[in-house]
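Chemist: this one's structure only:
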């Protein structure tokens, strides 16, 4: 069993030092509580609602930033523990909306968001690599970021690549949604689990930022589609003890296999017609 | 607006004449109520739980069966009305788990289930054509059958082919499920709508058959993911007045497009690697 937590953090746009402190505090708290895998929101280092590309650039860091080394030091308190963290990444002249997977041994991989949402397109360059899947002490963890989760091709690809758990930092904006509509992406997370037999952990953010509120949809879904924990409204976290081994068994009956029953021969030309 | 109904019928395995009567009664009732599009369950003509391939063959009919002409005659009572009906199809030496789309002008198309579930594999040959999308007086209707809905590649393909509404005859077996688990496929229907901006109508069946019960998950979801109607437990139906035009608009904001933001360049090799 793997103890998983997702923290509904409140980053503050522009306050890099304060955000670093909030991140490290959240990591320390999770480790003290015995958590194996902790997931923090998208762009947790920088905040989300940028006004200019210059502001985004100013707040972006590289994967070699000392913050990640400090995270790794903290993770040493619980050998094997894994942290997934969203950050604004500077990579040469480009900016990416990225997530890092970190252990006590440092950054194990960086994933760059492929499906950028709305004004993110004004500052970030989309990634062009497959979902990152890292083999950790707690199973194979696949990284996606926010809007990526809404592309069933992309979540399927991560599951086919062997992910037991999809770790998804998000910032789900609440733009005049009803209470029911605020749960829409959570519903997609549940269906993603049902259709792929993978666990899904989503860390959303909280805290009004430049007029934008958030769905606060932090949740943990096990590999059989059960919604095991949510964070509710405001600051908080969701945590649950999850059997990630379940994700390795794709059989539904002796004659039904979630992946084996796919028809890739029929999908290819239809999903991605030759240019 | 399009008035859509899904009827949670109770076919009886082996009772072809009785099933035909139940189908025609359901069609008449729907038309009398002013329904534009009526969907009936998978294998409504034959029942589901076959014991041998001989039994399945005995109950299978061709797309030229007089039942369909009779359905068309009934549909003439409401010009433009559409019926989607699941049936066991005999096609040469093969049996298929099929669905027909019928109007007053007769059968407009037949779709053969591509993703067969469990023991269906013992009697049926899987289809090998794309989801059928038919342009009707009430918009473009895409046909899928039951387990097909759980393959996000397949629902995406139907949506990309222009379906405004996915009409899905199903038989969702309830094999020792909890009340929560009985809603799992309905959750997939909702997420399918959210991820593709299509409406989804599912007609499940009722009535214990050779020891198998059913989830009775009949439901109607609009093109924005709202669950608009369910049939509840037992015999009954779900109906709702749906704006299918919503399915034509895939924009989420001025900068976000549900289909336009896909990355088919990245999907092709990963989803359907060359053999």
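Modeler: Yep, it's here. What you are looking at is a predicted structure, and each value in this text was computed from that prediction instead of being measured.

Chemist: Remind me which helix or strand the residue nearest to the spatial centre of chain A belongs to.
Modeler: Taking C-alpha atoms, centre = their mean, the centroid of chain A lies closest to residue A:168, which sits 1.7 Å from it. Using DSSP states H and E, residue A:168 sits in strand A:165-169.

Chemist: Direction included, what does that strand pair up with?
Modeler: strand A:139-143 (parallel), strand A:199-203 (parallel) (DSSP bridges).

Chemist: Which is the succeeding secondary structure element to the last one?
Modeler: Read it as strand A:199-203. Next along the chain after strand A:199-203, taking DSSP H and E as the criterion, comes strand A:213-214.

Chemist: which residues touch that next one?
Modeler: A:171-174, A:204-207 (C-beta atoms under 8 Å, 6 or more residues apart in numbering or on different chains). No exception for glycine: its C-beta is placed from N, CA and C like everyone else's.

Chemist: List the pairing partners of it within its sheet, with orientation.
Modeler: Strand A:213-214 has these strand partners (DSSP bridges): strand A:173-174 (antiparallel).

Chemist: and the helix or strand of chain A with the lowest mean pLDDT, what does it pack onto?
Modeler: Within chain A, no helix or strand scores below helix A:264-271, which has a mean of 85 by mean pLDDT, DSSP states H and E. On a contact count with 3 or more C-beta pairs under 8 Å, 6 or more residues apart in numbering or on different chains; DSSP states H and E, helix A:264-271 meets helix B:152-160, helix B:264-271.

Chemist: Adding distance to residue B:179 and mean neighbour count, write these out as a markdown table.
Modeler: Formatted as a markdown table, these follow (distance: least, C-beta to C-beta, whole Å; neighbours: other C-beta atoms under 10 Å in any protein chain shown):
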| stretch | distance to residue B:179 | mean neighbour count |
| --- | --- | --- |
| helix B:152-160 | 25 | 24 |
| helix B:264-271 | 34 | 17 |
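
Chemist: near chain B, which residues of the stretch 151-275 of chain A show up?
Modeler: Residues of the stretch 151-275 of chain A found near chain B (C-beta under 8 Å from any C-beta of the partner chain) are A:151-157, A:160-161, A:180, A:184, A:187-188, A:190-192, A:194-195, A:225-226, A:252-253, A:255-256, A:261-268, A:270-273.

Chemist: Give me the angle between the least confident helix or strand of chain A and helix B:264-271.
Modeler: Interaxial angle of helix A:264-271 relative to helix B:264-271 (axes from the mean of the first three to the mean of the last three C-alpha atoms, to 10 degrees): 180 degrees.

Chemist: that older thread, reformat the helices and strands packed on helix A:264-271 as JSON lines; add distance to residue B:140.
Modeler: Below are those laid out as JSON lines (distance: least, C-beta to C-beta, whole Å):
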{"stretch": "helix B:152-160", "distance to residue B:140": "10"}
{"stretch": "helix B:264-271", "distance to residue B:140": "21"}
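
Chemist: Figure out which of the ones you listed is closest to residue A:98.
Modeler: Residue A:98 sits nearest to helix B:264-271 of all these, at 16.5 Å, using C-beta to C-beta.

Chemist: Run a quick neighbour tally on the closest residue to residue A:154 other than its chain neighbours.
Modeler: Among residues not flanking residue A:154 along the chain, residue A:148 sits closest, at 5.2 Å (C-beta to C-beta, 6 or more residues apart in numbering or on different chains). Applying other C-beta atoms under 10 Å in any protein chain shown, we find 25 residues neighbouring residue A:148.
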